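Asker: sequence and predicted structure below; questions after.
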Amino acid sequence: MINEKELFEPVKTEEIEAKEYIRPSIGYWADAWRRLKKNKLALIGLYIIIVLIALAIFGPMVSVYEYDATNLNNVYAPISGSHWFGTDELGRDVFTRVLYGARISLAVGFVASFINLIIGVLYGGISGFMGGKVDNVMMRFVDILYGVPILLIVILLMVVLGPGLTNIFIALGIGYWVGMARIVRGQTLSLKEQEFTLAAKTLGASRTRILVRHIIPNAIGPIIVTATLLIPNAIFFEAFLSFIGLGVSAPVASWGVLASDGVRSFQSHPNLLFFPALFISITMLSFNFLGDGLRDALDPRQRK
Amino acid sequence: MRGKMEPVLRIKDLKTEFFTYTGVVKAVRGIDFSVNPGEAVGIVGESGCGKTVTGLSIMRLITYPPGKIVSGEVSLDGTDLLKLSESEMRKIRGAKISMIFQDPMTSLNPALTIGFQLSEMLILHKNITKEETKKKIIELLSMVRIKSPENVFNQYPHQLSGGMRQRAMIALALSCEPKIVIADEPTTSVDVTIQAQILNLLQDLKSRVNSSIILITHNLAVVAGLCSRIIVMYAGLIVEEGNDRQVFDNPKHPYTWGLLRAVPRVDEQEKERLSTIKGLPPDLMSPPKGCPFAMRCSYAMKICFEERPPYFNSEEGHRTMCWLLDKRAQKVKRDE
Amino acid sequence: MRKFVIQRVIAMLITLFIIATITFFLAKAIPGGPFTKEKAVPDAVLKNLERKYHFDDPLWKQYADYIISLAKGDLGPSFRYDALTVNDIVRKGFPVSALLGFVAILISLGLGLPAGIISAYKQNFWQDNFVMFFSILGISIPNFILATLFMYIFGLKLHIFNIAGWGRWQDVILPAVTLAAYPTAYIARLMRSSMLDVLSQDYIKTARSKGLSEYRVMIIHALKNALIPVVTYLGPLIAAIFTGSFIVERLFFIPGLGRYYVTSIYDRDYTVILGTTVFYAAFLIIANFVVDIIYAFLDPRITYSTEKIK
C-alpha cells in the first residue's frame, strides 16, 4: 500500500496529462449509423429495399416465364405451384410480371428522385451560395413554382407527351425538385454564415473549394433524407398516373399498371390486384421507415 | 442584529442524472447547501458544472426522459419538495419559488402578449380580479424600469428589445412575491451594456423585495456586489462555499483561484496573456473517483486522484472540498 | 399586414397567369389538339372551336383572347362532345366533389390533430407508437389500394356500405374515409413533430415554472405555436384531396368533377382537360392564398412585424 506521506506528494504535470478523462468523440457518420441501427423499423425497411432491388435485378432473369409470354389456354389461373401468383387475363405469369414491374417502379423511383436531387441541389446550392440578388430572384421563381399545383402540370405534360417511360421521367423531374432546392438553399445559407467557412476563407480557400469541401458534406444530411423520401413519392405518382391511364404502355408493366388492371377484376380474381398492391405498399412503407429513421439519425441536434 | 434564523431552503445530498442512449450523465452528484430568508446566494461555475441543473431540480422542472432527480432532499420551509405530488408542486411553482431563465428571447411565448403571460401566474396563485391583476402587472413593469408599461402590456415579445424582455421576465418572477427567486444566468444572453442595467436593477430590487435570491452564473463579476454568499460548483459538486469576503479575499480551492485569475482586470500594468484554466471538465458519464478537478490542478497530489476529498472548514461558514487543506498536505503558495 | 396581403394577391395573380400561359402553349403542342386544324375532328365541333379560337388569327391574338375569356370565367367548349362546355361539367361535378372533399377534410382534421397532440404528449409510450404506426400506413398505402380494401371488407363482406353510387348520406362515408386516409396520417405526423418541437422550447419551461397545469401548458401555450406549421399544410391538403378524388370518385362511381376529369383524360378530350385543369389550379391557388391569410392571423410576428419599441 502506498504510505500516507507519498499520497500527499504533489504530482508532476506530465503524469497528469497521461490521464485522459475526456470522452472520446465519435464521428458524425459513425454516430448517425449507430442511431439508425437502433431504429428497428428503419433497419427492416432497409433490408426489404435491398431484397427488392435484388429481386428486381435478378428475378425476371431467373424466372421460368417471360413477363410478356401469353398463354391463352391458361387465363386467370389461381395461385399454384407453377404459378405462384396465378396468371392474368392473357395467361401471363403474375409473379414474373410483378418482379418485372419491380424493375420499372423502382427505376422510376430512383431515377426520378435522382433527377430532382441533382436539379434541386444545384439550384439551391447556387442560390444560397451566391446570395444577394441572385438568391432573391431564384427564390422568387421557386416561390411562384411552389404555388403551381405540380401534379396538374405533370398530368398535362403526360397528356401532351403521351405514354412512355422516358416521358414519365421528364414529367416527374419537372416539379419536385423545388422542395429539395429550398432545403439545400437554407442549408447553404446557414452554413455559409458559420464560423468554419469563415475560417476556411481566411486560410485562402477558393470559393469552389469551400463549396465542395465544407458546405456540401454538412448539408448532405437533409439531402439524403429528402432524396430517400422522394422515392416513394415518385413510385406513388407513377402508380397514380398509370391508374388514370397516363403511365407506361403495355406490355411493359409497372406495379401501377398491374394494380390498375387488377382493379377491374378484383371481385373475381383478387390476386391480380393483391400482389402488385402488396408490393407497392411494402416498398413505400420501407422507404418511409428508412427515410424517417435517417431523418432522426442524421439530426445533429440529437447528438449527445 | 438578526437572531439565528431557520433557512428557507435546505438542500441535502441532491443527485440528478440524465439517462441518455449512450449512458447516464451524472449532472449533480450530491450537493448540500441552504439559503436563508432575504439572502442572495450565488452559484458559480463553468458550463456543464451542474449549476443550471441544480436550479431546475429545486423547481422540479427536470423532465423524464431523460432527466431524473435520483435522490436527496429539497426542503422549503421544512417541506420536502421532492416528496410532493405533481399537483402540490404546481402550487409551489411560481407562488413560493420562481425562476428567471437565461435567454429572454426564447423564454417568452411568441404567440401571447406580455400582459397575458405575466398575468397567468398571479391569476393562478392569488385570487384577484382581472383589473387588479392588470394594475399590479403594470406596477411591476414600471418597477423593473420599463417605460410605458400600459403599452408593453398589450405587446408581443418580438416587439420588445432584449433588455426589456429580460426585465419583463424579472417582473414575472417577482409577481407572486415568492420566497425564493432563482435567476439562471440573467445577464448572459444580453449585451454588455444591458448586463450592467440588469445587474443594477437586481441590486435595487433586492433591497425592496423580501425574497431570497439564488443567482446562477459562470461570471464571477456578476455575483460580486450582489450576493452575500457564494457557492463554487465543479463537475456536479460544490468545491467551495463561503461568504463574499471569504471567497473573494481568501479563497482556498485551486479552481476558485483559477476563476478569480481569469477575470480580466482593468488595472493590469503589463500586457499579460488572458489567464485560462488548462484542460477540460471531466466526462460526467464516468466521473473520476478522486477529486474531479485533479486533472487540471497544478497542485494535485497523488491522493487527489485516489479519493474524493471531504469538506474542510477554514472559518465559520467557509468550507472547501480540497486535500490541500488537510494538515498532512504541504503548504502551497497560491499563484496570483 | 396590409403589405402582406397585397404581396400575396400579386403573387396569386402572377401564378394564375403562368398557369393560363402554360396550358395555352401546351395545348398548342398537342398533336391533333384543339388549337390545330386537324380534320379528324367532327365538323360541328370544329365549327365551335373555330368560332371560339379564331385559328387564323396571329398567335399573340389567340393568346390574348384565351386569357381574356379565362378572365371572364369561360373555360371553353368540349373537344369531343358537341353541346358540352367545361363550365357545364364543372357546375355539375364540383358540388359533389366539394361535399366529398369537405367531409374528408373534417375527418382528417378531426382525427389527425388530436392524434398528433396525444402522440406528442405521450411520446414513446404506446399511444405514440400506435398513432405513428397507423400514420405511416396511411401515408404509404396508395388510396386506390385502400379503396379496394375498404370496398372489399365493408362493402362486399360485411355489407355495411354500398360500394358504388351516390344518393344516400351513407354513401359519403366510405369514399370520404378513403380520401381522408393520407391527409389524416400526414396531419397526425406533422402535428406531432410540431408539438414536440414546441414542447422543447424554452418558453414551455417558463410556462411550467409558473405552476400552470399541464393541460394549460399544452393547450394555451404549446398548441397555438404548434398549429402554425400545420396551417401551412392546409394548402397542400386541399391539393391532396383533389388528386385523391380522381381515384376515389372513379372507384366508387361518384359523379364528381374528379371522375369527369379522369374520363376526359381517357377520351383525350383536350379542351376539357385544359379547362378543368385551369379550374383546379385557380381553385388551389385561391385556397392557398386564403390559407396564407389565416396563417398571418395566427402568427403575431407577421401581423405586427413593422412596429418595434425600444
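Answerer: The structure has been received and is ready for your questions.
Asker: I'd say A:Met180 and A:Gly124 touch.
Answerer: Yes - counting by Cβ atoms under 8 Å, A:Met180 touches A:Gly124, with 6.7 Å between them. Every residue, glycine included, has its C-beta placed from N, CA and C.
Asker: these two: who's more crowded?
Answerer: A:Gly124 (29 against 24; other Cβ atoms under 10 Å in any protein chain shown).
Asker: gap between the residue of the stretch 101-250 of chain A found nearest chain B and A:Gly131?
Answerer: Proximity of the stretch 101-250 of chain A to chain B (Cβ to the nearest Cβ) peaks at A:Ser190, 17.6 Å away. Plainly put, A:Ser190 is 12 Å away from A:Gly131 if you go by Cβ to Cβ, to the nearest Å.
Asker: again with C:Ala188
Answerer: Relative to A:Gly131, and taking Cβ to Cβ, C:Ala188 is found at 37 Å.
Asker: of the two, who's got more company?
Answerer: Set C:Ala188 next to A:Gly131 and count neighbours by other Cβ under 10 Å: C:Ala188 wins out with 28 against 14.
Asker: for the helix or strand containing that one, name the packing helices and strands.
Answerer: Element membership for C:Ala188, per DSSP states H and E: helix C:173-199. On a contact count with 3 or more Cβ pairs under 8 Å, 6 or more residues apart in numbering or on different chains; DSSP states H and E, helix C:173-199 meets helix C:86-121, helix C:126-140, helix C:143-150, helix C:223-251.
Asker: can I get those helices in CSV with mean neighbour count, distance to chain B and mean pLDDT?
Answerer: Shown next, in CSV, are the helices and strands packed on helix C:173-199 (neighbours: other Cβ atoms under 10 Å in any protein chain shown; distance: least, Cβ to the nearest Cβ, whole Å; pLDDT from 0 to 100):
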stretch, mean neighbour count, distance to chain B, mean pLDDT
helix C:86-121, 20, 12, 88
helix C:126-140, 18, 12, 87
helix C:143-150, 23, 35, 81
helix C:223-251, 21, 4, 85
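Asker: so which of these comes closest to A:Gln267?
Answerer: helix C:143-150 (9.5 Å; Cβ to Cβ).
Asker: ok, and what's touching that closest one?
Answerer: A:239, A:243, A:259-260, A:263, A:266, A:273, A:277, A:280-281, C:174-175, C:177-179, C:181-182, C:244, C:247-248, C:251-252 (Cβ atoms under 8 Å, 6 or more residues apart in numbering or on different chains).
Asker: now do the contacts for whichever residue of chain C sits closest to chain B.
Answerer: As assessed by Cβ to the nearest Cβ, chain B sits closest to C:Gly211 within chain C, at 3.6 Å. C:Gly211 makes contacts with B:89-95, B:121, B:124-125, as judged by Cβ under 8 Å, 6+ apart.
Asker: include neighbour count, distance to C:Gly116 and secondary structure when you put those into CSV, please.
Answerer: Putting the contacts of C:Gly211 into CSV (neighbours: other Cβ atoms under 10 Å in any protein chain shown; distance: Cβ to Cβ, whole Å; DSSP: H, G, I helix; E, B strand; the rest coil) gives the following:
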residue, neighbour count, distance to C:Gly116, secondary structure
B:Met89, 17, 28, helix
B:Arg90, 20, 26, helix
B:Lys91, 13, 31, helix
B:Ile92, 21, 32, helix
B:Arg93, 24, 28, strand
B:Gly94, 26, 29, coil
B:Ala95, 20, 33, coil
B:Met121, 25, 29, helix
B:Leu124, 19, 27, helix
B:His125, 21, 32, helix
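Asker: which of the residues you listed sit farthest apart?
Answerer: Across these (Cβ to Cβ), the longest gap, 14.7 Å, separates B:Met89 and B:Met121.
Asker: quick one: least confident helix or strand in chain A?
Answerer: Ranked by mean pLDDT, DSSP states H and E, the helix or strand of chain A with the weakest confidence is helix A:13-18, at a mean of 54.
Asker: check which helix or strand covers the residue nearest to B:Gly225 when sequence neighbours are not counted.
Answerer: Spatially, and ignoring its direct neighbours in sequence, B:Gly225 is nearest to B:Gln203 (6.9 Å; Cβ to Cβ, 6 or more residues apart in numbering or on different chains). In the assignment (DSSP H and E), B:Gln203 maps to helix B:192-208.
Asker: pLDDT averaged over that helix - what is it?
Answerer: Helix B:192-208 carries an average pLDDT of 82.
Asker: which helices and strands does it pack with?
Answerer: Using 3+ Cβ pairs under 8 Å, 6+ apart: helix B:192-208 touches helix B:162-174, strand B:212-217.
Asker: just put the ones you listed in a markdown table and tack on mean pLDDT and mean neighbour count.
Answerer: Below are the helices and strands packed on helix B:192-208 laid out as a markdown table (pLDDT from 0 to 100; neighbours: other Cβ atoms under 10 Å in any protein chain shown):
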| stretch | mean pLDDT | mean neighbour count |
| --- | --- | --- |
| helix B:162-174 | 89 | 24 |
| strand B:212-217 | 92 | 25 |
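Asker: can you pull out the strands in chain B?
Answerer: B:9-20, B:23-35, B:40-44, B:67-76, B:79-80, B:97-100, B:180-184, B:212-217, B:229-234, B:237-243, B:311-315, B:318-321 (DSSP state E).
Asker: quick check: which ranges of the chain have low pLDDT?
Answerer: Unless you meant another one, I'm taking chain A. A:1-5, A:12-32, A:67, A:147-148, A:192-219, A:249-251, A:299-304 (pLDDT under 70).
Asker: hmm, I had chain C in mind actually
Answerer: For chain C (pLDDT under 70), the answer is C:1, C:27-59, C:62, C:77-83, C:156-165, C:302-310.
Asker: which positions in stretch A:106-122 come out as buried?
Answerer: Using 16 or more other Cβ atoms under 10 Å in any protein chain shown as the test for burial, stretch A:106-122 gives A:106-117, A:119-121.
Asker: can you tell me which residues in the stretch 201-336 of chain B are near chain A?
Answerer: B:280, B:282-283, B:285, B:288, B:294-306, B:323, B:326, B:328-330 (Cβ under 8 Å from any Cβ of the partner chain).
Asker: is any part of stretch A:223-232 close to chain C?
Answerer: Yes - on the criterion Cβ under 8 Å from any Cβ, stretch A:223-232 is in touch with chain C at A:Pro232.
Asker: any idea how far that stretch is from the chain center?
Answerer: 3 Å (Cα atoms, centre = their mean, to the nearest Å).
Asker: who's in contact with C:Ile241?
Answerer: C:Ile241 neighbours (Cβ under 8 Å, 6+ apart): C:101, C:104-105, C:179, C:183.
Asker: again, only this time at 10 Å
Answerer: By Cβ atoms under 10 Å, 6 or more residues apart in numbering or on different chains, C:Ile241 lies in contact with C:97-98, C:100-102, C:104-105, C:108, C:176, C:179-180, C:182-183, C:248, C:258.
Asker: could you check how far it is from C:Met151?
Answerer: 19 Å.
Asker: do the same with A:Ile104
Answerer: Counting by Cβ to Cβ, the gap from A:Ile104 to C:Met151 is 27 Å.
Asker: likewise B:Glu120?
Answerer: 52 Å.
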